[in-house]
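> generate a structure from the sequence data that follows.
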Amino acid sequence: MEKTKLGISVGLFAAIIYFIGATNNILIVAIMAGYILICESDEWLKKMSIKALILTVFFAVFVILINYLTSFLSAFGGTINNIAGYGVMFNIINFLFYTLPSLIRTIISVIQIILFIMFGFKAYKKQDIKIKIIDDMLDKNFNDKQE
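Just a heads-up that it's a prediction; the model follows:
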């Protein structure tokens, strides 16, 4: 079993990064990925840490975009509510502009937590986590041969 310079197994370290990614804490994931890139020599661990960072940033950006959309729709929905008054139209607008985006954010958060926990357990067993787009990028940039 390969060990890191900190004395823990490579799989455990990768799992920790994914478990922290489940909390959407980009800063901690970035610090850990940076440490791995600078200090550790295991190629698999480096790829897993970058993959965890990319996925964490992806989910964070997705939630930020939904928050901006919600803010825009809230202003628009408030204006329509003022014009249309209360009643059935109010309920429809309330659902579309407030409840639905909140529901989407919750679903995305649940998906993120489930994915990162699954990836964490796979990383602990030192199994590869296949995400084609990210794998292609990593394979291209982590080529052992210098050209």
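> so what pLDDT did Asn141 get?
pLDDT for Asn141: 82.
> and it, how far from Leu96?
Remark: distance between Asn141 and Leu96 (C-beta to C-beta, to the nearest Å) = 42 Å. Yep, even glycine has a C-beta here, placed from its N, CA and C like the rest.
> more neighbours: the two, which one.
Just comparing Asn141 and Leu96: by other C-beta atoms under 10 Å the higher neighbour count belongs to Leu96, 14 against 9.
> now Asn67: how far from Lys130?
30 Å.
> more neighbours, the two?
Asn67 (12 against 9).
> that one: what's its closest spatial neighbour, skipping adjacent residues?
Arg105 (7.6 Å; C-beta to C-beta, 6 or more residues apart in numbering).
> what of Tyr124?
In space, Tyr124 is closest to Ala15, 3.8 Å off (C-beta to C-beta, 6+ apart).
> mind listing residues that contact the strand or helix carrying Ala123?
Using DSSP states H and E, the element containing Ala123 is helix 100-124. Applying C-beta atoms under 8 Å, 6 or more residues apart in numbering, the external contacts of helix 100-124 come out as 11-12, 14-19, 21-22, 24, 48, 52, 55, 59, 62-63, 66-67, 69-70, 73, 128-129.
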